[in-house]
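Asks: Mind looking at a prediction? Sequence and model below.
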Amino acid sequence: MRLNIFFYLLCISSLSVAQTYDVRDYGAVNDAKTLNTKAIQKAIDECSQAGGGKVLLAGGGKFMTGTLYLKDNITLHVANGTTLLGSPRYEDYTTDTHKNMYKNEPHMNRCLIFADGVKSIAIEGYGTIDGNGHQENFKEGRPMLIRIMNSSDIHLNNISLINPAAWTSAWLYCDNISVNGIKIISRVNNNGDGLDFDGCTNVSVTNSIFDNSDDSICLQASRPDRPCKNISVSNCHFTTQWGGMRIGLLSRGNIESVTVTNCTFRNIKDSGLKIQQNEGGEMRNMVFSNLVMENVPRPIFMTFTQQRASVDTPEGEYEPLKRMHNFMFNNIVVDNSMGDVNSAFFLTGMPNHRIEDVSLKDVQFIVAGGGTQAQADKTDLKEYTLETLKGWWPEFSKVGTLPASGIFARHINGLHLENISITTVNDDLRKPVVFQDVINDSHDNLRVNGETIQEIKVIND
């Protein structure tokens with residue numbers, strides 16, 4: 001009996017070993033100098049051909065590589081203390097890894113890890129994937145760290161992604177994505193986004209930490225037939241040079257059914273939530289709750305404009321606008337006491353294209369204040385039109401200091417404000433809440449410095 005059990009355990013152990021493909025067995029060297037692309041790729045190919053399993057990078061050190069192609073049923077496991085290191089040579093990154101979908105950015109077409117049309121893949125481990133993307137390494141072009149497209153059942157778990165030369169990751173037209181327990185540090189090069197989901201469905205991002213030079217998470221739709229839908233982000237922490245979460249810009253398809261909850265945003269240069277519809281899709285049905293922000297100038301920045309964002313839209317052509325509606329923001333605490341006069345919730349549609357049905361409830365907002373009378377009297381704020389934007393994005397700088405110390409809203413149909421407390425550290429001569437072309441609005445229990453706001457200032461067109 002004991003002998004039978006021994007042979008049974010031996011068989012189980014052998015089966016487990018057979019399913020793990022250690023890249024060192026294929027000649028890979030973890031000395032941070034040897035180019036291991038062929039060795040690692042051979043391990044991936046054989047693992048997938050055998051029905052799937054784990055491709056293992058272990059033993060510490062750094063395995064340097066160029067572009068790798070993930071295949072069906074592969075788990076790429078980077079063990080604790082081990083690094084998968086991107087080559088510093090641009091020529092080690094292949095040219096058949098699709099393209100970046102934004103206009104004017106072909107320099108980000110190449111990537112380190114690529115997959116197209118695969119199923120059931122994972123990138124995991126407590127190790128690190130280092131893009132080695134320092135500016136001195138990449139002057140001709142800037143490869144992304146990860147690009148995965150047309151794929152399903154994808155897991156990204158418990159791994160650190162650092163130093164990409166461009167975006168950390170782009171996910172195009174994928175379904176069933178689970179991201180959990182990752183850390184992204186992207187500061188060594190320009191516009192180092194974190195997770196960019198384009199036309200993806202059924203996405204969950206949880207328990208993760210972001211420190212980026214650009215937007216930490218982006219939700220996009222570059223194709224009219226591929227919506228970005230059913231997205232959940234929770235228990236995450238954002239620090240970035242630009243936006244915590246950007247929803248839109250690339251918006252040819254619908255972006256809908258999004259929830260963001262239990263997250264912190266800290267030391268962000270531009271905005272916590274940037275929600276921007278400007279192409280031919282429809283944006284709708286989103287809930288943002290239980291958020292804490294510190295030193296985030298615009299906790300919420302919403303724009304409904306018209307602009308060409310996609311590389312597939314011909315130069316000079318613009319898609320007809322549809323709708324942007326049904327947004328709820330609840331239980332938000334913001335401390336911008338160490339900021340400047342440019343701190344506000346800024347929600348703006350366009351003339352004849354209003355944002356519809358927005359609720360902002362249970363908010364505590366501390367601002368530095370300091371607004372002048374000239375700023376309070378400002379009525380000629382620029383609109384986000386094609387003439388104003390001149391081919392660029394609808395950023396806050398195009399409008400500048402607002403005539404409100406707390407909330408400025410214009411071109412909105414159906415805005416509800418409830419239980420909102422605004423505190424100004426320094427005297428501010430601007431009204432706390434200012435509307436322009438806001439219809440079908442309602443409000444209850446609005447306060448500034450502890451006193452009830454009796455009247456909302458309205459700028460007449």
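Replies: Sure thing, it's come through. As the structure is a prediction and not an experimental result, all values here were calculated from the model. Numbers count the residues shown, from 1 in each chain.

Asks: ok, now which ones touch the nearest residue to Arg354 once chain neighbours are set aside?
Replies: The shortest distance from Arg354 to any non-neighbouring residue, by C-beta to C-beta, 6 or more residues apart in numbering, is to Asn413 (4.3 Å). C-beta here means a position set from N, CA and C on the backbone, and glycine is covered the same way. Residues near Asn413 by C-beta atoms under 8 Å, 6 or more residues apart in numbering: 354-357, 438-440.

Asks: who does the host helix or strand of Asn413 pair up with?
Replies: Here Asn413, judged by DSSP states H and E, is contained in strand 404-426. In its sheet, strand 404-426 lies beside strand 345-348 (parallel), strand 355-369 (parallel), strand 431-439 (parallel), strand 442-448 (parallel), with partners assigned from DSSP bridges.

Asks: wait, which of those is closest to Gly199?
Replies: strand 355-369 (22.7 Å; C-beta to C-beta).

Asks: got the contact list for the residue lying closest to Lys99 once chain neighbours are set aside?
Replies: Spatial nearest neighbour of Lys99, excluding adjacent residues (C-beta to C-beta, 6+ apart): Asn109 at 4.6 Å. By C-beta under 8 Å, 6+ apart, the residues touching Asn109 are 95, 97-100, 141.

Asks: Try it again at 10 Å.
Replies: Contact analysis of Asn109 by C-beta atoms under 10 Å, 6 or more residues apart in numbering lists 93, 95-100, 141-144, 147, 166, 311.

Asks: ok, the residues you listed vs Val179, which is closest?
Replies: For the contacts of Asn109, the residue nearest Val179 by C-beta to C-beta is Arg147; the value is 15.1 Å.

Asks: Let me know the helix or strand that that closest one is in.
Replies: Arg147 belongs to strand 144-149 when assigned by DSSP H and E.

Asks: Tell me the helices and strands packed up against that strand.
Replies: The contact analysis (3 or more C-beta pairs under 10 Å, 6 or more residues apart in numbering; DSSP states H and E) places strand 144-149 against strand 111-116, strand 119-124, strand 128-130, strand 152-157, strand 160-162, strand 169-172, strand 195-198.

Asks: tell me the most buried of the ones you listed?
Replies: strand 195-198 (a mean of 26; mean count of other C-beta atoms under 10 Å).

Asks: who does that one pair up with?
Replies: Paired neighbours of strand 195-198 in the sheet (DSSP bridges): strand 169-172 (parallel), strand 217-221 (parallel).

Asks: Redo those strands as JSON lines? Include distance to Asn202.
Replies: Formatted as JSON lines, the strands paired with strand 195-198 follow (distance: least, C-beta to C-beta, whole Å):
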{"stretch": "strand 169-172", "distance to Asn202": "12"}
{"stretch": "strand 217-221", "distance to Asn202": "13"}
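
Asks: got those strands as JSON lines, with distance to Pro320 and mean pLDDT columns?
Replies: Conversion of those to JSON lines gives the following (distance: least, C-beta to C-beta, whole Å; pLDDT from 0 to 100):
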{"stretch": "strand 169-172", "distance to Pro320": "24", "mean pLDDT": "98"}
{"stretch": "strand 217-221", "distance to Pro320": "15", "mean pLDDT": "98"}
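
Asks: Quick one: closest of the ones you listed to Asn285.
Replies: Here strand 217-221 is closest among the strands paired with strand 195-198 (C-beta to C-beta), at 12.6 Å.

Asks: Pass me the low-pLDDT residue ranges in the chain, would you?
Replies: 1-18, 461 (pLDDT under 70).

Asks: For the residue nearest the centre of it, give its distance to Asp211.
Replies: The centroid of the chain falls nearest to Ile217 when counting by C-alpha atoms, centre = their mean (1.1 Å). Per C-beta to C-beta, to the nearest Å, Ile217 is found 13 Å from Asp211.

Asks: just the helices in the stretch 151-300 of the chain please.
Replies: Counting by DSSP state H, counting those that start in this stretch, the stretch 151-300 of the chain has no helices to list.

Asks: What distance do you get for Glu46 to Thr20?
Replies: Counting by C-beta to C-beta - Glu46 and Thr20 are separated by 12 Å.

Asks: Overlap in contacts, these two.
Replies: Common neighbours of Glu46 and Thr20 (C-beta under 10 Å, 6+ apart) are 53, 55.

Asks: Could you report the neighbour count for the closest residue to Tyr126 other than its chain neighbours?
Replies: Nearest non-adjacent residue to Tyr126, counting by C-beta to C-beta, 6+ apart: Asn80, 3.9 Å away. By the criterion of other C-beta atoms under 10 Å, Asn80 has 12 neighbours.

Asks: sec struct for Asn80, please.
Replies: Under DSSP: H, G, I helix; E, B strand; the rest coil, the three-state class of Asn80 is coil.

Asks: Wait, it touches Gly125, no?
Replies: Yes. Using C-beta atoms under 10 Å, Asn80 is in contact with Gly125, at 6.9 Å.

Asks: so what's in contact with those two at the same time?
Replies: 58, 158-159.

Asks: Let's see if you can find the most crowded of those.
Replies: Ile159 leads the shared contacts of Asn80 and Gly125 on contacts (other C-beta under 10 Å) with 23 neighbours.
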